[in-house]
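Engineer: next input, structure requested:
(one chain, ligands or ions: 2)
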Amino acid sequence: MRPDQIRIVEVGPRDGLQNEAQPLTPQERVALIEQLADAGLRDIEAGSFVSPRWVPQMAGSDEVLIALSERKDLRLPVLVPNKKGYELSRVAGAREIAVFGAASETFSQRNINCSIADSLARFGEVCALAKADGVVIRGYISCVLGCPYEGSVDIAQVARLAAQLAEMGCSEISLGDTIGVGTPDKARALTKACASEVGLDNLSVHFHDTYGQALANILACIEIGVTSVDAAVGGLGGCPYASGSAGNVATEDVVYLLEGLGINCSADLEQLVTITESLSHRLGHPPASRVARAQLAKRA
Ligand code: HMG
Ligand code: MG
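Structural biologist: Ligands and ions are numbered 1, 2, ... in the order given. Coordinates of the predicted model:
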């Protein structure tokens, strides 16, 4: 059941940097994406076409995409919350977008200022345009294993949302444990429930490491056949609308786990650690990645 190949979706330049106090310029974000590509990653979330008043760190995502327009070898999804974001992303040349909904009403309101039902209506509109343009669509569901405002979340509700997003045209649904509260049995049960709606091959798992469970959850999910895993270099991130939420699982930590399991993911661990080292100097804090910390101590 365990796959022999995992696709890593690198979300550091978006999900990671959106929560950093120290914003990186668009040029620095382009350089980071190029470095991540040099390290072997091919799916790299490049930015967000959201309101710069809501998330100033992602301002200039159009410049990032334009600067990378020749990189046809990369998949560079960008977050799009509504028609305005979609149109701006297309002007910048987006070939892949991600709509992002939530499994909890309160989180939906805090994150995108509308109810779940209204968000689905907006995504429906965006997806129809994207499908007509031949743009690939990813669909996120946040708070799949718990909400910072409402607590527990109903797995059946998440599975229904996954089905609705797939119906609209999302070719991959990313299941986001935004506040990192999940544990392996729950993560596995959730993934199975969603897989029965949209198929395992159309799911990605997106764990934050707030409670130190991210790698255990990833292992539980790949044991049942999940082949796509979201991660952020250095373990960057958090969510601006989920206070106390720690970063995404670190790409280095996932790569180390996969190497130990003999699973290929075509990413170079040494290069990722080097990227994390320079990012941590730039951002002014040590990396969250345990693997990066261990390897950097060894290098020193
Ligand atoms: P709103 O205030 O309700 O929007 O925000 P509005 O339609 O009333 O418009 C207000 C103003 O925003 C207008 O400008 C619009 O033009 C502008 P004004 O006339 O006042 O000058 N506007 C926009 N500007 C740029 N791009 C746009 C856009 N839309 C409207 N797309 C909105 C609604 C969705 C825009 C806002 O709530 C928003 O930007 N939210 C973004 C939240 C966000 O990015 N959160 C982080 C990502 S989610 C996440 O991290 C979780 C995830 O990683 C999964 C996980 O970790 O589990 C995905
Ligand atoms: Mg995230």
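Engineer: what about contact with ligand 1: does the helix or strand hosting I137 have any residue there?
Structural biologist: Assessed by DSSP states H and E, I137 sits inside strand 136-142. Yes: judged by Cβ under 6 Å from any ligand atom, strand 136-142 and ligand 1 are in contact via Y140, S142. Bear in mind the C-beta positions are built from the backbone N, C-alpha and C, glycine included.
Engineer: strand partners of that strand, parallel vs antiparallel please.
Structural biologist: Based on DSSP bridges, the strands next to strand 136-142 in the sheet, each with its direction, are strand 96-102 (parallel), strand 172-177 (parallel).
Engineer: and that strand, what's its mean pLDDT?
Structural biologist: Confidence over strand 136-142, taken as the mean pLDDT, stands at 98.
Engineer: so what does the helix or strand following that strand touch, helix or strand wise?
Structural biologist: Next helix or strand after strand 136-142 toward the C-terminus (DSSP H and E): helix 155-168. Helix 155-168 sits against strand 96-102, helix 116-133, strand 136-142, strand 172-177, helix 184-198, with contacts defined as 3 or more Cβ pairs under 8 Å, 6 or more residues apart in numbering; DSSP states H and E.
Engineer: give me the contacts around helix 155-168.
Structural biologist: Taking Cβ atoms under 8 Å, 6 or more residues apart in numbering as the criterion, the residues outside helix 155-168 that touch it are 99, 101, 103, 116, 120, 123-124, 127-128, 137, 139, 141, 144, 173, 175, 186, 189-190, 193-194, 196-198, 202-203.
Engineer: can you flag the buried ones in those?
Structural biologist: Neighbour counting by 16 or more other Cβ atoms under 10 Å classes 99, 101, 103, 116, 120, 123, 127, 137, 139, 141, 144, 173, 175, 186, 190, 193-194, 197-198, 202-203 among the contacts of helix 155-168 as buried.
Engineer: surely K83 and A130 touch.
Structural biologist: No: look at K83 against A130 with Cβ atoms under 8 Å: they stay out of range, at 10.6 Å.
Engineer: neighbour count for the two, which is higher?
Structural biologist: Set side by side, K83 and A130 show more neighbours around A130, with 24 against 13, by other Cβ atoms under 10 Å.
Engineer: ok, the closest residue to the more buried one other than its chain neighbours - contacts?
Structural biologist: Sequence neighbours aside, I137 is the residue nearest to A130 in space, at 5.1 Å (criterion: Cβ to Cβ, 6 or more residues apart in numbering). The contact partners of I137, by Cβ under 8 Å, 6+ apart, come to E96, I97, A98, V99, V126, C127, A130, K131, M168, G169, C170, S171.
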